[in-house]
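> Quick check, what structure comes out for this input:
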Amino acid sequence: MTDAGQQPVQTTVTLRGRVAGCELTISFAVPDKDLKERVTAALEQMTAIGVEPLTVEKVADTDPDARPVDESRDGPLARLARELALPAADLAKVLGIKGDTVQLYRASQLQPSDAAAALCLAYEKGLGKSGMPYQVFDAALESIHVKMKTPLSTFCFNMIRDGVIQKKPYEDGRSIVLTPAGEQKGEVALKALIAGGARSDAPPARGRRRAGGGRRPKRKRK
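Residues are numbered from 1 along each chain as shown. You can find the predicted model right below:
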């Protein structure tokens with residue numbers, strides 16, 4: 001038993017989850033000796049009613065300044081999701097950020113320039129970098145198996161020509177920095193992956209062909 005007048009050490013637990021597209025937050029205080037049992041029971045109850053657990057925060061009441069960082073809100077993926085006005089859970093299905101490494105999933109569904117723009121956007125907006133070094137850019141593209149028809153240097157010059165990346169940072173320090181149009185291109189690419197679609201390499205059709213192919217027969221003059 002606890003001595004009279006002495007309160008047991010308690011921990012404030014905050015559980016975050018998602019259900020029906022909405023985020024749910026549950027907070028409660030629990031004695032340290034019952035912490036594991038109570039948190040496990042709470043998580044089981046959340047799962048039973050269809051809530052997808054996202055994070056668990058534990059803050060000891062005796063040390064209120066020792067509040068841990070909530071990675072789901074302050075991490076690079078969350079920052080990028082806010083920048084693009086996207087649910088972080090949806091973005092996590094197509095993009096991963098660990099340390100200073102950006103990984104794009106299902107990149108083969110995109111054109112190489114779209115995949116590159118998406119990677120650079122995540123690097124700049126998620127990690128807060130001013131630009132991606134050339135060697136890092138090369139390794140990032142290689143890790144997602146982007147198939148390019150030209151050498152990387154030519155690929156970069158083509159993206160400069162198309163207004164996707166800035167010319168000066170590349171020429172001065174071999175740094176890949178998106179233009180505003182490049183940022184928009186990366187955003188469109190990420191949203192296309194989330195939606196399950198991808199931009200096509202095929203040029204737009206110029207006209208409708210007749211069924212069966214061939215040319216329209218000439219009319220005989222009367």
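> Ignoring the adjacent residues along the chain, who's closest to Asp90?
Distance criterion Cβ to Cβ, 6 or more residues apart in numbering; nearest residue to Asp90, sequence neighbours excluded, is Ile194 at 5.1 Å. (C-beta placed from N, C-alpha, C; glycine too.)
> Give me the buried positions along the biggest helix by length in the chain.
Longest among the helix segments of the chain by residue count, using DSSP state H, is helix 180-195. Counting neighbours by 16 or more other Cβ atoms under 10 Å, one finds that the buried residues in helix 180-195 are 182-183, 185-187, 189-194.
> ok, so of the residues you listed, who is nearest Leu110?
Proximity of the buried residues of helix 180-195 to Leu110, judged by Cβ to Cβ, is greatest for Ala189, which lies at 5.5 Å.
> correct me, but that closest one touches Ala118?
Yes - taking Cβ atoms under 8 Å as the contact criterion, Ala189 and Ala118 are neighbours in contact, 4.3 Å apart.
> ok now do Leu127, which residues does it touch?
Under the criterion of Cβ atoms under 8 Å, 6 or more residues apart in numbering, the neighbours of Leu127 are 76, 97, 100, 102.
> For the third one, what are phi and psi?
Pointing back at Asp100 there. Backbone torsions of Asp100, given as degrees, to the nearest 10, read phi -100, psi 20.
> which neighbours do Ala189 and Ala118 share?
With Cβ under 8 Å, 6+ apart as the test, Ala189 and Ala118 both reach Leu110.
> where does Thr12 fall, helix, sheet strand or coil?
When states are read from DSSP: H, G, I helix; E, B strand; the rest coil, the local structure at Thr12 comes out as strand.
> quick revisit: considering the contacts of Leu127, which possesses the most neighbours?
Val102 (27 neighbours; other Cβ atoms under 10 Å).
> Just the element for that one, please.
Element membership for Val102 (DSSP states H and E) is strand 101-104.
> if you average pLDDT over the very next helix or strand once past that strand, what comes out?
In the C-terminal direction, the helix or strand that comes right after strand 101-104 (DSSP H and E) is helix 112-121. Averaging pLDDT along helix 112-121 gives 95.
> From the contact counts, what lies against the very next helix or strand once past helix 112-121?
In the C-terminal direction, the helix or strand that comes right after helix 112-121 (DSSP H and E) is strand 132-133. On a contact count with 3 or more Cβ pairs under 8 Å, 6 or more residues apart in numbering; DSSP states H and E, strand 132-133 meets strand 175-176.
> Give the buried residues for the helix or strand where Leu35 lies.
Secondary structure from DSSP H and E places Leu35 in helix 35-48. Residues of helix 35-48 classed as buried by neighbour count (16+ other Cβ under 10 Å): 35, 38-39, 42, 46.
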